[in-house]
Structure formats: C-alpha cells, structure tokens
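Chemist: Here is my input; please provide its structure:
(one chain, ligands or ions: 1)
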Amino acid sequence: MRREQEFIDGLYARVDVLRGDAETSVGDALAQGDKPMQARLERDILVAERSGLLAALNAVDGSLCFGRIDLASGTTHHIGRIGLRADDAEHTPVLIDWRAAVARPFYLATGHTPMGLRRRRHIATEGRTVTHLHDEILDLGDATRTGHEDHNGDAVLLAALNSARTGRMGDIVRTIQADQDRIIRAPHRGVLVVEGGPGTGKTAVALHRAAYLLYEHRELLARRAVLIVGPNPAFLGYIGEVLPSLGETGVLLATVGELFPGVRATAADTPEAAAVKGRAEMADVLAEVVRDRQALPDPALAIEHDREVLMLDDGLVGVARERTRAAKLPHNASREYFEGHILNTLTELYAERVGTDPYDGSSLLDASDITQIRDELAENPEVWSAIDRLWPRITPERLLADFLAEPEGYLGEEDAAAIRRPVTRAWTVADVPLLDEAAELLGEDDRPARFRADRERETQIAYAQGVLDVSYASRTYEFEDKEDGDPDGSEVLSAHDIIDAERFAERQEEADHRSAAERAAADRTWAFGHIIVDEAQELSPMAWRLLMRRCPTRSMTLVGDPAQTAEAAGVGSWSEILAPYVEDRYEHTRLGVNYRTPSEIMDLAAAVVRAGRPDFRPPSSVRSTGVRPWVRREGADLPGAVAKAAAELAPVEGRLAIIAPRRLHRAIAARLDGVTAGAEPDLTRPVVLLDPRQSKGLEFDSVLVVEPAEYGTSDLYVALTRATQRLGVLHTGDLPEPLARRDE
Ligand SMILES: Nc1ncnc2c1ncn2[C@@H]1O[C@H](COP(=O)(O)OP(=O)(O)OP(=O)(O)O)[C@@H](O)[C@H]1O
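Modeler: Sure thing, here's the model as predicted:
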C-alpha cells in the first residue's frame, strides 16, 4: 500500500505541474490581448488545446489511477483515466490511458488466458489516498503473494454494483467486463447494433465507446464531433457526467426533438399522432405537399405590362414547371430556374404581340430588343406576384404547420384526424423529423445568402489588405537597421511574404471559436463523425431518416432492447430499421448479464413479459440480494399509502423513485415533502416522482411502482427493472397475472 501511495503521490505531483503549466499558458495567451492576424489564430488554437487539457486534468482529479498490471516479463503498468508521461528526455509513460492497447489485458485477461499477465491489481482510492488493493493472480504457478489477494474475484465489481446511487450515472472504467470491452473497442466503421436486456450496461458501454473512439480517432472525430442521441432530457442529464469524468467533452448529447436548430419541441402528441407522423410514408406525403405548392393557374393569370395584357395559362406555366422540376433540385433552390422560365415565356408573348411584322409575320426585333423587354418585365411587380403564387418560397415550419392544419387529401380519414391541429408555432418531438424532411425537400434559395457572403468577403479582403499594409509598413520600420547593415536581413519573413489578402481572409473565416460540437448543434446539415443512439428501439422510421442524413458515413453504434419498446412509432426489428440504409451490412452483438437488477426483482419482471411471450429470455442477474420484492393492495387512500411505502423503501443513502401514472402525480406530490417531479425532474434529489416513460434508462436504489395495471407490458417491464436493491408495488384494482401471484 505504501509503495502504491508513493507512486500515486508522484502521479499527482506530475498532474499539478501540468495543470500549472496549462493554466499559465492559457493565462499568458489571453493576456496578449486582441492581436491581429496569425498570432490571434495561433493563440486561439493554443487556448483551446490547453483548456481541453486543463478540463481533462481537473475531471480526473481524485480518480486518476485505478489499476496495475504486472507482466510475466517483469514489466508493470499502471492504468488510469488518462495517460501521463514523465518529464524526462524520453517522455517515458508513467500512467497508461485505459483506452490504450497496452491496457487491454487489464480487462480481458483470465486465469485461462492470462495474456502475458502475472497479476491484475485494482487500486481503490478516496481522493488522492489509496484505501484498498485487490489482487488477482493470473499465473497460478507464480508463488509470490502480496497479501491483497481477492479470493472472491468479483469483489470490486460487486462493490460498484451495490454502492448507493447518486442520481447521476458514473463511469465503469475500473470494471469493464470482457464482453463489454469488445464492444467498446470494436472498429468504428459501419453500423454496430448492441442489443441487451435491462441493466446489461448498454448505456455505459455506448458512452465508453464514445470515449474510446475519440481517443483512437481523435483527429477525425474531434473535427466532426460525436452525437449521442437519448430518449429524453432527463436521461441526458443522468448520463451527462460520464464523458467529462473520462476527460472527454467533444460530444453533443441530444434528443431527436433537439436536432432541428431553432426549434424546441414543447408540445405533446397523442400516441396515435406520434405513430402516424413517424411512418416512413410521411416522406412521400410531404413530397406531394411540396409538389402541390407548385401550382398551375386556374383561371389564367392576366399580367398587365406596358398597356398590353399577357395571359399566363396552365399550359404555359405547366411547361415552365416541368422544365424547372427536370433540374431535380429542392423546391426553394429551383425557384431561380422557374423565375427564368416564366420571364422567358412572358418575353416571348410580349415580343410576339409588339414585334411581329403585320405583313409577313416575321419578327421586327433583334436580340438587344428582346433583352430589353426581358429586363423591363423583370421590373414589373405583377410578374413577381404571379411567380410568388405559382412557386412560392416556403419555410419548413410554414409547410408543416399548413399541412398539419389540413392533412385531409393526403392521408386516410382516421390518420388525418389523429394529426390535425390548428396552426401554431409549438412543435412536438415527432414534428422534428418532419421539419427536417421538409427542409430537405425545400432546400434553400441561397441567392440572398450568396450575395451577402460575397459582400462580406469583399469587406474582409479589404480589411485584410489594410492589415497587411500596416504589417508591411511596420516591418520596414522594425527591421530597418538590420536591413541597412545586413543585405540578407530580407530572410526574415513576414505574413506579407507568405499570404496574400484573399488567403488571409480565408484564414480569418476559419477561425470559428465554437467547438465542433457547438457548431454541429447549430447546423442542420452537419455530418457527424460517429453517432451513438441509445434506446434505439424507440425511434420512428422518420427519425431514422433524420439521423442517417446526419451520418453519411454510417459510422454508428445503436443500442437498445426491443422488449422495452414503448413508442407506437418505434421499429420492431433491427433489419427493418437498417435495411433501407445499409441492407444487411451491420454487426449485431448481444449483452446478456444484468448488472443492475438483483435476481429476485428480475424474476418478477421477466414473468410479466413471459406471460405474453413464453419464449422470452431475460438477461441473467449478476447478483442476488435475498430481498424479495413485495406487491400490496391498497384501499381508498392511495396517495397516503404511497407516502407510507416511500418512507419504508427510502434508502438511508441513495435514491428512491416512485413510478406512477401521471394522473396521480399531483395527489402523490401533495403527500410527500421535497419530492421532485415534472418534465425534467432533478434526479439527484432523494425522492423522484416519474411516469413510466420517464423512468426509461434510469436507475435507483429503491423503486415503488404504483398502479401497474395502467401500463402496457413494455412500460411495466421498464418500471420494474429500475431498482438496484428494493422494489415495492402498490395497486388498488386488478393486477397483471404474475404480479397478482405475489400479492400479499
Ligand atoms: N462493467 C460494469 N462495471 C460496473 N458497473 C456496471 C458495469 N456494467 C454495467 N454496470 C452498471 O449497471 C447499471 C446498468 O447499466 P446501463 O444503464 O448501462 O444498462 P442498460 O443496458 O442501458 O439498461 P436499460 O436498458 O435498462 O436502460 C449501471 O449502474 C452501470 O453503471
């Protein structure tokens, strides 16, 4: 222990030096003020780099090193959350990052396949102090003993699983299991599906995989960012600290409802509406809605121009429309073409009217007359109001709001009734993939933006030219003496020598100070380096279309459990989800051990699913507690009974969740002090009140499930599998069969 403590003291001394260095260089760089040109760029890069390092050093403080491997060859390596090198000439590694290949035997070696290891040591610390050592001997022929041998083998894992919950998910980097390690380190190309029952570590594995990929492919992924998609904001809050605790921040966490920049989904859909909106056919429906906005005039439009009346009838507009559609561009982007075709048509009509020789019918106009007529028509407001009616510029929000207000004509009666709603600006989660689809179909008429960008660039070039001129002038001044005395003084290069104004302006544009994740969040067309989807079974086909557009390389990890599918719009099978994008070219892996729920609780939860699916095979629990879950019928005062049961179940340390139908929340909250509830409850509080859907992906020491007969099977399965220690069920009416058998 003493020697490990000395070693760890040495590591922290190194961390303190590095931290001091990083702080000083960030401070110095920022104190330089707003220098122009290259220096500013270099300063920003340095600040970003050092700030990242600082964040990582601060994040791992107190939990820097957790393991050691002793190789049969006599070498030892300490394993930590980040890697550290000594301050010697060779930069000798002193702490190995858990993600490095050298660290891998720490997770994979067994007595059967020791992978060159003699011993594996788990080092437990509190702050910077070593508290315990657990050694596993892998080479049984080796007689050296340390006195810290762990005879149970899994003591460290079980201690982690039994510890009180905090309301925030923690990392599992000390105890990653071999089957989890293989998923975490799987190659990043292509689609990897990870399926497993409740508590098998899917979320934990997905997050550690993100950290691993950022380590292994930092160059690519730090630039393109990694997107992690979760089912709801409370869940994202729950998992939000795992990656920072591993020293990683270059990740965007979002729900699907947050993936259309500028829109926040605040309204709610009925399950029927969400199911209709999520169907793949909606893509065709929206395409049809857009086509219907490309109208034919009925009756013909009369345009007065220079005392002549020109008639735009459906035949003429039809030809312009077909020609425009032939360009196969999105609606707004092709408006430029439509304008051109209509102007040409009107020019021909007018030229025929005023320029035809009455004797032989030939044209009296030459090319410049025709150009002049076209230019004059382009000045006529009546022409533009006709174009606006026939090919209007449309925003995705406008298109969708209008469609939802009047979906008849595009959908069957029942489906139309399910989604119809008055025009509002409030969006639902299921609207977001539709907005994204509409944005794809509409595209942008980017002429105004192009015009603005050109003007902006001209200004920047002028500014850059000014800066270069100043720098040139100061160069002459600063180096005057030297140049006078030394004709070779011209070897000193200034910015002026190496970049011209245009290139310099480009560099300035590149200096966008936002991180890749921040830029990605604001850009609908961003292509992520890798996407991880948790609870992937819940996403609708329309949501998949949105996500696939964000990941053209199809480098994705999808984790989920079809048995926990709650959303009516969710997709039943992986092949159904993926076939449209990658056919059958995806890897499918399974996790089969439940690390959360003790076997006593898992048996009950599994029985609920098995009642409807006799072949159902739940994951096997890694531990049992000897504490049986209880089921109790209550009389008239259900909220009172909930308060009593909550007092009984509340852990001394740790968290209790009450999972109840939403209709009961107000009454229950009134009977409990300090309970947190609502759309985004504070999960770090001792008692949390949730509805079954909100409990998805979360876990608590104790769980009280109220009125289970009101949940669907998969919601009930989710609710029953949230506890790490104790479960109670309260009800007033009939119960699903497997629970009824447990009724006290
Ligand atoms: N190797 C491990 N070492 C320590 N704890 C682990 C390990 N694997 C999983 N766990 C713990 O088990 C619990 C369940 O993990 P996680 O939430 O990732 O499961 P899940 O498969 O996503 O569950 P669900 O489908 O129910 O949401 C977490 O507390 C997690 O930290």
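
Chemist: hang on, G560 packs against Q537?
Modeler: Yes. The pair G560 / Q537 is scored as a contact, 4.0 Å apart, by CB atoms under 8 Å. In short, each C-beta sits where N, CA and C put it, glycine included.

Chemist: if I look at the single nearest residue of the stretch 301-450 of the chain relative to the ligand, how far off is A275?
Modeler: When you check the stretch 301-450 of the chain against the ligand by CB to the nearest ligand atom, the closest residue turns out to be V429, at 19.0 Å. Spatial separation of V429 from A275 under the definition CB to CB, to the nearest Å is 13 Å.

Chemist: more crowded one of the two?
Modeler: The residue with more neighbours, out of V429 and A275, is V429; 24 against 19, by other CB atoms under 10 Å.

Chemist: neighbours around the nearest residue to the more buried one once chain neighbours are set aside, how many?
Modeler: Counting by CB to CB, 6 or more residues apart in numbering, V429 lies nearest to G257, which is 3.7 Å off, once chain neighbours are set aside. Neighbour count of G257, defined by other CB under 10 Å: 20.

Chemist: Ok, H77 next?
Modeler: H77, neighbours per other CB under 10 Å, totals 19.

Chemist: Need the three-state assignment for it.
Modeler: strand (DSSP: H, G, I helix; E, B strand; the rest coil).

Chemist: That one contacts W98, correct?
Modeler: No. Judged on CB under 8 Å, H77 makes no contact with W98 at a distance of 10.9 Å.

Chemist: Please list all residues in contact with the residue nearest to I137 when sequence neighbours are not counted.
Modeler: Of all residues beyond its chain neighbours, the one nearest I137 is R119 (5.7 Å), with distances taken as CB to CB, 6+ apart. Neighbour list for R119: 69-70, 135-139, 142, 146 [criterion: CB atoms under 8 Å, 6 or more residues apart in numbering].

Chemist: hang on, R119 is in a strand, isn't it?
Modeler: Yes. Using three-state DSSP, the assignment for R119 is a strand.

Chemist: measure it to L46 for me?
Modeler: Going from R119 to L46 by CB to CB gives 42 Å.

Chemist: do E583 as well
Modeler: E583 sits 46 Å away from L46, going by CB to CB.

Chemist: Which of these two has more residues huddled nearby?
Modeler: Comparing E583 with L46 by neighbour count (other CB under 10 Å), the higher total belongs to L46, at 15 against 9.

Chemist: quick one: pLDDT of the more buried one?
Modeler: Among the per-residue scores, L46 shows a pLDDT of 70.

Chemist: again, but for E483
Modeler: At E483, the pLDDT value in this model is 38.

Chemist: So which residues on the stretch 201-350 of the chain come close to the ligand?
Modeler: Within the stretch 201-350 of the chain, the positions near the ligand by CB under 6 Å from any ligand atom are 201-204.

Chemist: Among those, name the ones in strands.
Modeler: Secondary-structure check on those using DSSP state E: no residue lies within strands.

Chemist: Can you select the buried ones among these for me in ChimeraX?
Modeler: Buried members of those can be picked out in ChimeraX with the line below, counting by 16 or more other CB atoms under 10 Å:
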select :201,202,203,204
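
Chemist: Let me know the closest of the residues of the stretch 201-350 of the chain next to the ligand to E707.
Modeler: Compare each of these with E707 using CB to CB and the shortest gap goes to T203, at 27.2 Å.

Chemist: Next, the contact list for that closest one, please.
Modeler: 169, 239, 534, 559, 697.

Chemist: Just put those residues in CSV and tack on secondary structure, pLDDT and distance to D445.
Modeler: Putting the contacts of T203 into CSV (DSSP: H, G, I helix; E, B strand; the rest coil; pLDDT from 0 to 100; distance: CB to CB, whole Å) gives the following:
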residue, secondary structure, pLDDT, distance to D445
M169, coil, 90, 45
I239, helix, 94, 40
D534, coil, 95, 37
V559, strand, 95, 40
G697, coil, 92, 42
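
Chemist: Redo those as CSV? Include neighbour count.
Modeler: As requested, the contacts of T203 are arranged in CSV below (neighbours: other CB atoms under 10 Å):
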residue, neighbour count
M169, 22
I239, 20
D534, 24
V559, 27
G697, 22
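
Chemist: for the stretch 1-150 of the chain, what spans make up the strands?
Modeler: Per DSSP state E, counting those that start in this stretch, the stretch 1-150 of the chain has strands spanning 65-71, 76-80, 84-85, 93-97, 117-126, 129-137. These are given in chain order.

Chemist: Now the fourth one: buried residues?
Modeler: Of the residues in strand 93-97, those with enough neighbours to count as buried (16+ other CB under 10 Å) are 94-97.

Chemist: Now flag whichever of the residues you listed is closest to the ligand.
Modeler: Closest to the ligand, out of all of these and judged by CB to the nearest ligand atom, is D97, at 18.0 Å.

Chemist: Tell me which residue lies farthest from the centre of the chain.
Modeler: Here the chain reaches farthest from its C-alpha mean at Y359, the gap being 72.7 Å by CA atoms, centre = their mean.

Chemist: before we move on, back to that, report the two of the contacts of T203 separated the most.
Modeler: Farthest-apart pair in those is M169 and V559; separation 13.9 Å (CB to CB).

Chemist: Next one, pLDDT for the residue nearest to V383 when sequence neighbours are not counted please.
Modeler: Sequence neighbours aside, L377 is the residue nearest to V383 in space, at 5.6 Å (criterion: CB to CB, 6+ apart). Reading off the per-residue confidence, L377 sits at a pLDDT of 96.

Chemist: ditto for R632
Modeler: Looking at R632, its pLDDT stands at 93.

Chemist: And the host helix or strand of it, how far out from the chain middle?
Modeler: Using DSSP states H and E, R632 sits within strand 630-633. Here the centre of strand 630-633 is set off from its chain's centre by 40 Å, with CA atoms, centre = their mean, to the nearest Å.

Chemist: other SSEs contacting that strand?
Modeler: Packing contacts for strand 630-633, counted by 3 or more CB pairs under 8 Å, 6 or more residues apart in numbering; DSSP states H and E, involve strand 723-731.

Chemist: Give me the sheet partners of the strand it packs on and which way each runs.
Modeler: Sheet pairing of strand 723-731 (DSSP bridges) gives strand 630-633 (parallel), strand 700-706 (parallel).

Chemist: Distance to E216 and mean neighbour count added to those strands, as TSV?
Modeler: Below are those laid out as TSV (distance: least, CB to CB, whole Å; neighbours: other CB atoms under 10 Å):
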stretch	distance to E216	mean neighbour count
strand 630-633	47	16
strand 700-706	34	27
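
Chemist: Make CSV out of these and add distance to the ligand.
Modeler: What follows is these, written out as CSV (distance: least, CB to the nearest ligand atom, whole Å):
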stretch, distance to the ligand
strand 630-633, 21
strand 700-706, 10
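
Chemist: can you tell me which of these comes nearest to R550?
Modeler: The stretch from those with the least distance to R550 (CB to CB) is strand 700-706; that distance is 32.7 Å.

Chemist: tell me which residues in the helix or strand that that closest one is followed by are buried?
Modeler: In the C-terminal direction, the helix or strand that comes right after strand 700-706 (DSSP H and E) is helix 713-720. Within helix 713-720, the residues scored as buried using 16+ other CB under 10 Å are 714-720.

Chemist: for helix 713-720, packing partners?
Modeler: helix 599-610, strand 700-706.

Chemist: Next, the angle helix 713-720 makes with the shortest one.
Modeler: Just to be clear, that refers to strand 700-706. 140 degrees (axes from the mean of the first three to the mean of the last three CA atoms, to 10 degrees).
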